[in-house]
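J.: Based on what follows, work out the 3D shape:
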Amino acid sequence: MNLIRGLHNLKKQQGSVVTIGNFDGVHIGHQKIIARLTEKAKEMGIPSVLISFMPTPQSFFGREQASLSSFKEKHRLLSGLNLDIHLIIHFNKDFSQLEARDFVQNILLNKLRMKHCLIGDDFRFGKERKGGFELLQNLSKDKGFTVEKTPSILCNNHRVSSSAIRTFLENGNIQSASQMLGREFSITGKIVHGLKNGRAIDFPTINIPIKRKISPVHGIFAVTIELDGATYQGVCSVGNRPVIGGKKTLLEVFLFDFNKQVYGLKVKIIFKHKIRDERNFDNFMALKKQIEIDTQDAKRFFSF
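T.: The predicted structure follows:
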């Protein structure tokens, strides 16, 4: 998959099949759209193009929300779906004022030479979100392209969406979130040095940056991690560490029966079960006692 950062790096195409969206989490609904996109592109003999935005429109307009995937995670997931091109459009003030019709003409037609457009049933675009399936359908009659709408997918009688997955994760319903994602929810990154407070209470942790402004998970979890070709079990804390007056959201994992130097290595934390919400403690000894309880709860979960 060819990653193109910005319209200025895009060469004029001879034709393309296009889909547009944020694709946060690359869940089973996204996967269905992309499977149809690549199928249609192969049928027409032209490249498949997925357009996403950075920052997201929600973030640009101050409606920041938790991200299910960091940019690297999303790109890696998309790379496994047989796409030809991932085009990232920089969402700024000028772009936010682009009328929906102008977006279709100036970008989709003039630059991408779009022959077919595939969108989700709730997709909106252009200034004030005035563009949608009906506009594309009307323009297609005179502009020489076709348009296709993909219906919503249901999972356990719930419409699959990134917002539904965020709600499940926020409520600690890891299983339902994973079903909509089509895989277990995870966070990846490189292990970095922390403050090493855990060592002082006999619970040394590995630490990785969240790499998103708002974490989709908060609290204490039973997790497995994939590290250096092996899998380990442990307890993960995602939060602000109120016992030391923390402000920044951090991810720390205490691994069972583990004593290795792993700074700088890539790691994947897979969330299995929420144990409890984060809460404050009067001192480190009270925190230590609670971590002992959390560790036993996690071990009981893994023993089932």
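
J.: quick one, what contacts residue 40?
T.: Contacts here follow Cβ atoms under 8 Å, 6 or more residues apart in numbering; on that basis residue 40 touches 17, 48, 116, 118, 148. In short, each C-beta sits where N, CA and C put it, glycine included.

J.: Can you check my assumption that it lies in a helix?
T.: Yes - secondary structure of residue 40 (DSSP: H, G, I helix; E, B strand; the rest coil): part of a helix.

J.: From residue 148, how far out is it?
T.: 8 Å (Cβ to Cβ, to the nearest Å).

J.: shared neighbours of these two, anything?
T.: Joint contacts of residue 40 and residue 148 (Cβ under 8 Å, 6+ apart) are 116, 118.

J.: Each with direction, which strands does the strand or helix carrying residue 271 pair with?
T.: Assessed by DSSP states H and E, residue 271 sits inside strand 266-276. Note on strand 266-276: by DSSP bridges, its sheet partners are strand 186-190 (antiparallel), strand 219-227 (antiparallel).

J.: list the helices and strands the next helix or strand after it packs on?
T.: Following strand 266-276 in sequence order, the next helix or strand is helix 284-303 (DSSP H and E). Here helix 284-303 touches strand 219-227, strand 230-239, strand 266-276, going by 3 or more Cβ pairs under 8 Å, 6 or more residues apart in numbering; DSSP states H and E.

J.: So for the longest one, what gets flagged as buried?
T.: It refers to strand 266-276. Neighbour counts over strand 266-276 (16 or more other Cβ atoms under 10 Å) mark 267-275 as buried.

J.: what does the shortest one give?
T.: Residues of strand 219-227 classed as buried by neighbour count (16+ other Cβ under 10 Å): 219-225, 227.

J.: Tell me which residues of stretch 153-166 come out buried.
T.: Per 16+ other Cβ under 10 Å, stretch 153-166 contains these buried residues: 153, 155, 158, 160-162, 164-166.

J.: Do me a favour and average the pLDDT over that stretch.
T.: Per-residue pLDDT values over stretch 153-166 give a mean of 94.

J.: residue closest to the middle of this structure?
T.: residue 69 (2.1 Å; Cα atoms, centre = their mean).

J.: Can you tell me the closest non-neighbouring residue to that residue?
T.: residue 25 (5.3 Å; Cβ to Cβ, 6 or more residues apart in numbering).

J.: Could you list the residues in contact with stretch 16-25?
T.: With Cβ under 8 Å, 6+ apart as the test, stretch 16-25 has contacts from 30, 33-34, 37, 40-41, 44, 46-53, 56-58, 67-69, 74, 78, 85, 108, 112-120, 123, 125, 162, 165, 181.

J.: Output it as CSV, restricted to C-alpha atoms.
T.: Extracted in CSV, the C-alpha atoms of stretch 16-25 (Å, rounded to 0.1, in the frame of the first residue of the first chain):
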residue,chain,number,x,y,z
SER,A,16,-9.5,5.2,-9.2
VAL,A,17,-12.1,3.6,-6.9
VAL,A,18,-12.4,5.7,-3.8
THR,A,19,-13.7,5.5,-0.2
ILE,A,20,-13.5,8.2,2.4
GLY,A,21,-13.6,8.3,6.2
ASN,A,22,-11.6,8.3,9.4
PHE,A,23,-11.5,4.5,9.7
ASP,A,24,-10.6,4.7,13.4
GLY,A,25,-10.0,1.2,14.7
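
J.: So what's the gap between it and the chain middle?
T.: 13 Å (Cα atoms, centre = their mean, to the nearest Å).

J.: circling back: adding secondary structure, write the buried residues of stretch 153-166 out as JSON lines.
T.: JSON lines is the format used below for those (three-state DSSP):
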{"residue": "153", "secondary structure": "coil"}
{"residue": "155", "secondary structure": "strand"}
{"residue": "158", "secondary structure": "strand"}
{"residue": "160", "secondary structure": "coil"}
{"residue": "161", "secondary structure": "coil"}
{"residue": "162", "secondary structure": "helix"}
{"residue": "164", "secondary structure": "helix"}
{"residue": "165", "secondary structure": "helix"}
{"residue": "166", "secondary structure": "helix"}
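
J.: Let's have those residues in JSON lines, adding distance to residue 211.
T.: Formatted as JSON lines, those follow (distance: Cβ to Cβ, whole Å):
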{"residue": "153", "distance to residue 211": "28"}
{"residue": "155", "distance to residue 211": "27"}
{"residue": "158", "distance to residue 211": "28"}
{"residue": "160", "distance to residue 211": "24"}
{"residue": "161", "distance to residue 211": "22"}
{"residue": "162", "distance to residue 211": "17"}
{"residue": "164", "distance to residue 211": "23"}
{"residue": "165", "distance to residue 211": "18"}
{"residue": "166", "distance to residue 211": "16"}
